[in-house]
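1. Predicted model and sequence follow; I will ask about them next.
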Amino acid sequence: MIRAYYLLSPVFMLLDWVLDLNLRVAGLADPGHRALYYGFLIACVLLVWRVPQTSQLVALAESSVNFFLLIAGVMLPILGHAYLVDNPTFGFAGWPQLVNFLVTGTILTVVIRRSARTLPSC
């Protein structure tokens, strides 16, 4: 499931760039920042594809970063920092951001649960 999720990243990128449907990196409104993040995602895809054993670790790291960006994108404007209030690259973007929260949160939960199963019982 995790490998398929990352192998679909180019599809998410095309949906974003061609149809302006930002479902994968909804925490970043600025196209330049999203392009950088998509570059990071392509690196994740290559790593997961070439070294499948890293899938869980890659998913944990990337999903955590993505989740942080989503939370920061919503919370920073609410906190009222002068720079961020006037900065259109942050803020709640509506349903694409909710979809991104759900997808990223699901992947993060799956990775954490799988990792927990490998730990010895107390």
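-> Received, thanks. Remember, predicted model here, so these are calculated numbers, not experimental data. Numbering: from 1, shown residues only.

2. From residue 75, how far off is residue 23?
-> Distance from residue 23 to residue 75, counting by Cβ to Cβ, to the nearest Å: 20 Å. From N, CA and C alone the C-beta is placed, and that goes for glycine too.

3. hmm, I was thinking of residue 66
-> 15 Å.

4. These two - which one has more neighbours?
-> Neighbour count, other Cβ atoms under 10 Å: between residue 66 and residue 75, residue 66 has more, with 25 against 12.

5. Excluding chain neighbours, what is closest to that one?
-> In this structure, residue 66 finds its nearest non-sequential neighbour in residue 104, 4.7 Å apart by Cβ to Cβ, 6 or more residues apart in numbering.

6. For the host helix or strand of residue 59, which residues meet the burial criterion?
-> Assigned by DSSP states H and E, residue 59 belongs to helix 55-79. Using 16 or more other Cβ atoms under 10 Å as the test for burial, helix 55-79 gives 55-56, 58-60, 62-63, 66-67, 69-70, 73-74, 76-77.

7. who touches residue 28 in this structure?
-> By Cβ atoms under 8 Å, 6 or more residues apart in numbering, residue 28 lies in contact with 34, 37, 69, 73, 89.

8. What distance do you get for the fourth one to residue 33?
-> Note on residue 73: its distance to residue 33, by Cβ to Cβ, is 10 Å.

9. got it, and the third one?
-> Note on residue 69: its distance to residue 33, by Cβ to Cβ, is 9 Å.

10. can you list residues touching both of these two?
-> By Cβ under 8 Å, 6+ apart, no residue touches both residue 69 and residue 33.

11. where in the protein is pLDDT low?
-> 77-95, 119-122 (pLDDT under 70).

12. residue ranges of the helices in it, please?
-> 2-7, 9-19, 31-50, 55-79, 82-85, 95-117 (DSSP state H).

13. which among the buried residues of helix 55-79 gets closest to residue 5?
-> Among these, residue 59 lies closest to residue 5 (Cβ to Cβ), at 7.4 Å.

14. ok, that closest one - contacts?
-> Here residue 59 is in contact with 2, 5, 6, 48, 107, 108, 110, 111 (criterion: Cβ under 8 Å, 6+ apart).
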